[in-house]
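Asker: Everything below, folded, please.
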Amino acid sequence: MAVKKQRAISYRQVLGLVVRRRREALGLTQRDLAGKLGMEASAWSRVETGRNGIELLVARRLARALNTSLPELFHEADEVQKRLARTLPAGTRVLPSDASKAELKSVALVGGAVLAGL
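Answerer: Got it, this is the predicted structure:
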């Protein structure tokens, strides 16, 4: 019998949620933002949904494209992460930003539908 994994949200997903909200507030599509970052739209989509990360230099360009700074993006993600920890469905946890690969593999990350409702 398979053991059901605990549901969790990764910091990448939280950061992606913050970025998506800022992008939409500026009236940018994923394709628009990807172009500003020198990325394909499909690659950017994987970043915004938390499936992939980005390099530091791309993160700097991202902050500029969103008219903010990296510290402000991370601060906002930290605040959202705290709110999520209080409002998520029972049994769902928010992983810390320094979660190990083993820890990420040990949980079932929630899907975009859960995040979209937050």
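Asker: Where does pLDDT dip in this protein?
Answerer: 1-6, 97-118 (pLDDT under 70).
Asker: can you map out the strands along it?
Answerer: Listed in chain order, the strands of the chain (DSSP state E) span 6-9, 92-94, 107-109.
Asker: Could you give me the buried positions within the second one?
Answerer: I take that to be strand 92-94. By neighbour count on 16 or more other C-beta atoms under 10 Å, the buried set for strand 92-94 is 92, 94. To be clear about C-beta, it is placed using only N, CA and C from the backbone, and glycine gets the same treatment.
Asker: Okay, now the sheet partners of that strand, with direction.
Answerer: With DSSP bridges as the test, strand 92-94 is paired with strand 6-9 (parallel).
Asker: Tell me the buried residues in the partner strand?
Answerer: Neighbour-count burial for strand 6-9, with 16+ other C-beta under 10 Å as criterion, is recorded at 7-9.
Asker: Please apply the same query to stretch 17-33.
Answerer: Of all the residues in stretch 17-33, those buried under the rule 16+ other C-beta under 10 Å are 17-20, 22-23, 28, 30, 33.
Asker: Do you have the helices of the protein handy? List them.
Answerer: 11-25, 30-37, 41-48, 56-65, 70-87, 101-105, 112-116 (DSSP state H).
Asker: got a list of contacts for the fifth one?
Answerer: I take that to be helix 70-87. Residues outside helix 70-87 that contact it (C-beta atoms under 8 Å, 6 or more residues apart in numbering) are 9, 11, 14-15, 17-19, 22, 59-60, 62-63, 66, 93-94, 97, 118.
Asker: Sounds good, over and out.
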